[in-house]
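**Student:** output the structure for:
(2 chains)
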Amino acid sequence: MAKAFQKIYTQISQITKATCMLKAAGIGYDELATVDGALAQVVKINGDEVTLQVFRGTEGIRTNAEVVFLGKAPALKVGPQLAGRFFNAFGAPIDGGPVPEGEEREIGGPSVNPVRRKQPSELIATGMAGIDLNNTLVTGQKIPFFADPDQPFNQVMATVALRAETDKIILGGMGLANDDYLFFKNVFSNAGSLDRIISFVNTTEDPPVERLLIPDMALTAAEYFAVDRHEKVLVLLTDMSSYADALSIVSNRMDQIPSKDSMPGSLYSDLAKIYEKAVQFPDGGSITIIAVTTLSGGDITHAVPDNTGYITEGQLFLRRDTDIGKVIVDPFRSLSRLKQLVIGKKTREDHPQVMNAAVRLFSDAANAKTKLENGFDLSNYDERALAFAKDYSNNLLAIDVNINTTGMLDEAWTLFAKHFKPEEVNIRQELVAKYWREDETVLDH
Amino acid sequence: MATKGVVKGIVSNLVTIEADGPVLQNEICFIRTGGDRLMSEVIKVIGKNTYVQVYESTRGLKVGAEVEFAGHMLEVTLGPGMLSRNYDGLQNDLDKMEGVFLKRGDYTFPLDEKKLWDFKPVAGEGDTVTAGSWLGEVDENAQPHKIMVPFTFAGKYTVKKLAPAGQYTVENRIATLTDASGNDIDVNMMQKWPVRRAVTAYTAKPRPFKLLETGVRIIDTANPIVEGGTGFIPGPFGTGKTVLQHAISKQAEADIVIVAACGERANEVVEIFAEFPHLIDPHTGRKLMERTIIVANTSNMPVAAREASVYTAMTIAEYYRSMGLKVLLMADSTSRWAQALREMSNRLEELPGPDAFPMDLSAIISNFYGRAGYVELSNGTTGSITFIGTVSPAGGNLKEPVTENTKKVARCFFALEQDRADKKRYPAVNPIDSYSKYLEYPEFAEYISKRISPDWISTVNELKTRMQRGKEIAEQINILGDDGVPISYHITFWKSELIDFVILQQDAFDETDAVTPVERQKYMVDLIMRICRTDFEFPAFADVMDYFKKMINVCKQMNYSVFRSDDFARFEKELEDMVKEKAV
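**Tutor:** Predicted coordinates:
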């Protein structure tokens, strides 16, 4: 790897679990180096003493290891031929293909000037009503799934990615189980979509610290397609909790004082730097980020989901609905902060009211269920609310639903008419007059 | 000769420099790397080593890089033409920066050097003046913008020459002042001030007392903030902090609004960019953007500059206050500012305080809040900075250092609550935990008795007591069951619900309900309190709920109707008939 004119250092003076130190001159901060071939990055310079963080860990590093500085920060060669390829955390191909050619760009580049952003206003359709109807996604948005490890978040994310009308899908896999990596690979190839997908993958078999490079690699590729080629890019990051774990490992090894939940004090800024790459540009290019934050026991006050919640524009929760035996997008805890920018504007006028009415009725059903469990008698309204909830869950909220937004609204009106009287849905009079599907009322009350 | 130095060590944005001459604590310096000049600030000096925080990424920086010290602390440039601008945390004009991305080392001038301003002198030649004295004024977005004696001028000066009315740029000389020793000093329309120092060009800082109307009922009526007052809004994510803050900045009866977006989402700033140029200031009929300055240092911008951004915003606020204007400063969020302090303290390897925040967090927060306030100026006029900061408590837990230290200094507490947000009771400000200390100020009581009515404070206290009583009863009902308490308890509880739904809750997305002028607030409070003081009789507890639910619905229709319109009168009549039906 070393070129003829590069100086080779062979005297390491200190080795810790993650870092090694040596005397060297003319070294730039953040610069990459190799230590006996293993990639490392400059994390501290003090006079002529340079501290290197070795990504794979320092096991087996000799004190006389050959250290070569590469004179540049981690970078990715960008170009249209990235499409369809699989890379590791360093941007090296793992699919057996050639190293792509293109302009080399440093990863983790500067932020977009806020005045050059455009307010997001374009809807991303996923076909799932739990998302499109209740928590509509918008291009340029950043939103995570808050999920327990046993939930099918990767499957939902893959489905969303394939259904969304985007030009490129970029997968950043951090601490991805090998099986999950193969799952994504299969799903994308089976859908015949490989040519618009780019993956950067760090599996559980790879060293954890390497995964710190994954989001920046994925987003550098995303910025190339969104800025240079004005494309709509969807970035999938799974799992950001693994990313945060790697941050805490590094901060611990660098002797930093931990803050809440053993996470570094800079967790908020570290996560924000990634998520804030989501952007809508005036010329049509955009980066949308859908991420996964796994929870431990559903605890959203843990530092990782908590800081994430303050950064992202909402969050999506999955839940198994035992009444229908399917996984649904939880309408109560999920939130898309940007939905206001599109619902009723880019979708049919009745969208906001129908959405609220349906969730309210679903919550009436939840109350009725509590009543039932506590041994109280149910009123006729309670019975109808429960019946509605079952239909609503099955026909709309379930993650196997795939219809367009207008179809979802029509279906909601059908269910309203099937179970309720117009005055029970609390929707503005003009809308009821226009959309109430009287002919489809099948129940007599 | 200016001090120079060379870089000796680098850890992230903390750089060690060996300087060849004297340095100032908090002095600005520029580190040369590649073709860029990285702005930095001195934060610690030990022996030969000067530690600086770099306001930019230090990627590629090498030991041996040259450093030039600027000889001054972090400053802002103050002058006409700041309104409607979008600055970053170091007062760079974001619109003047080229390209999509923020380029490292790109610093832009915050004012317009070429624009000609219509200057009118207000002082006279021969006048004795001091720092902050008004020399003249120009028209900035229809507001009189005073040209003042620079704040850095100590002692007394005599106006030797003053430019006649005419058109000048910010760089043209508009006055010559003579100091006590007879030296002549030229003054133009702009001046510089170090942001970490408070501007004290005023004669007195009395206790504030004038209501600052926000149009938000749970603030104006229940927890009023005053001109020159301080308040804070803590809340977990998703409780409506941003919506409440935007409502206040849109509606508040202030001359100047400064929004410091400190470490928050860029899209929220974009929302202000997109909406404010089209929204109308309800008090003047002009575009909201014309009275607004945005200091945006969003969460992905460099952390050290985020820390500086709140000071930049406060200094600009102090400048406008010295013109005798009512300034409202909103900072979202002060937790992100505190986190920036924590990151640096951690890199400096200081012994940490609670939650790894620096030990002097409390002092830093209280000094900052102390810069707000209502002031009397040397010419007898008054000005104010009302400061409202948001706090983003980790895990929604209010027992964390930033919330606790802010609570010690801020006089109004608008506690956003998850439970209320979950119940969609917006604004989700807890009516019982929240408070305004100004309600206890005799100065405020005197003012409000003239502005609203002599019995206003006692009415507000009664309203709060009823909310408290309602909460206590709700807890009893939860334990004893609906039929375990007398019917009168249900009535008292539902009266508190009536207050909650009609007065305290407000629809920020409804054109009419979003803004309630104080006169209308008084009208509705009087109406609702009259109902609360009425005795009712019901045969069974279930009837109480039905009755009050209907009543709440009618009152809400009143809130959605234009004040004193036909609809409003019709609903009011309906309400009165309802009251008569059950009153005893």
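**Student:** let's verify A:Leu431: helix, strand, or coil?
**Tutor:** Using DSSP: H, G, I helix; E, B strand; the rest coil as the criterion, the local structure at A:Leu431 reads helix.
**Student:** please tell me the pLDDT value assigned to it.
**Tutor:** Model confidence at A:Leu431, given as pLDDT, is 90.
**Student:** try the one 4 residues further on
**Tutor:** For A:Tyr435, the pLDDT comes out at 95.
**Student:** now do the contacts for it.
**Tutor:** Contacts for A:Tyr435 were tallied using Cβ atoms under 8 Å, 6 or more residues apart in numbering or on different chains; they are A:350, A:354, A:409, A:413. C-beta here means a position set from N, CA and C on the backbone, and glycine is covered the same way.
**Student:** what about whichever helix or strand the second one is part of, average pLDDT?
**Tutor:** Remark: A:Val354 resides in helix A:351-373, with elements defined by DSSP states H and E. In this model, helix A:351-373 has a mean pLDDT of 90.
**Student:** and the following helix or strand past it, what does it pack onto?
**Tutor:** Downstream of helix A:351-373, the next assigned helix or strand under DSSP H and E is helix A:380-392. Taking 3 or more Cβ pairs under 8 Å, 6 or more residues apart in numbering or on different chains; DSSP states H and E as contact, the helices and strands that helix A:380-392 lies on are helix A:351-373, helix A:405-419.
**Student:** buried stuff in the helix holding A:Val354?
**Tutor:** A:351-355, A:357-359, A:361-362, A:364-365, A:368-369 (16 or more other Cβ atoms under 10 Å in any protein chain shown).
**Student:** what's in contact with it?
**Tutor:** The contact list for helix A:351-373 (Cβ under 8 Å, 6+ apart) reads A:133-134, A:331-332, A:343-344, A:378, A:381-383, A:385-386, A:388-389, A:392-393, A:396, A:405, A:409, A:412-413, A:415-416, A:420, A:425-428, A:431, A:435.
**Student:** can you give me the offset of that helix from its chain's centre?
**Tutor:** Average the C-alpha atoms of helix A:351-373, do the same for its chain, and the two points are 29 Å apart (Cα atoms, centre = their mean, to the nearest Å).
**Student:** please report how far A:Ala366 lies from A:Val201.
**Tutor:** According to Cβ to Cβ, to the nearest Å, A:Ala366 stands 40 Å off from A:Val201.
**Student:** with A:Lys72 instead?
**Tutor:** In this structure, A:Lys72 lies at 23 Å from A:Val201, with Cβ to Cβ as the measure.
**Student:** neighbour count: the two, which is higher?
**Tutor:** The residue with more neighbours, out of A:Lys72 and A:Val201 and counting by other Cβ atoms under 10 Å in any protein chain shown, is A:Val201; that gives 25 against 14.
**Student:** SS state for that one?
**Tutor:** Under the three-state scheme (three-state DSSP), A:Val201 adopts strand.
**Student:** who's it bridged to?
**Tutor:** In this structure, A:Val201 bridges to A:Gly173 when assessed by DSSP bridges.
**Student:** and stretch A:371-382, end to end?
**Tutor:** 9 Å (Cα to Cα, to the nearest Å).
**Student:** only the buried residues of it, if you could.
**Tutor:** Going through stretch A:371-382 with 16+ other Cβ under 10 Å, the ones that come out buried are A:Asp382.
**Student:** ok so, going back, make a markdown table out of the buried residues of helix A:351-373 and add distance to B:Leu212.
**Tutor:** Conversion of the buried residues of helix A:351-373 to a markdown table gives the following (distance: Cβ to Cβ, whole Å):
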| residue | distance to B:Leu212 |
| --- | --- |
| A:His351 | 37 |
| A:Pro352 | 33 |
| A:Gln353 | 35 |
| A:Val354 | 39 |
| A:Met355 | 36 |
| A:Ala357 | 38 |
| A:Ala358 | 40 |
| A:Val359 | 36 |
| A:Leu361 | 41 |
| A:Phe362 | 41 |
| A:Asp364 | 41 |
| A:Ala365 | 45 |
| A:Ala368 | 46 |
| A:Lys369 | 47 |
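**Student:** check contacts around B:Ala154.
**Tutor:** Remark: with contacts taken as Cβ under 8 Å, 6+ apart, B:Ala154 is in contact with B:Ala131.
**Student:** report the secondary structure state of it.
**Tutor:** With three-state DSSP as the criterion, B:Ala154 reads coil.
**Student:** could you check how far B:Glu264 is from chain A?
**Tutor:** Separation of B:Glu264 from chain A (Cβ to the nearest Cβ, to the nearest Å): 8 Å.
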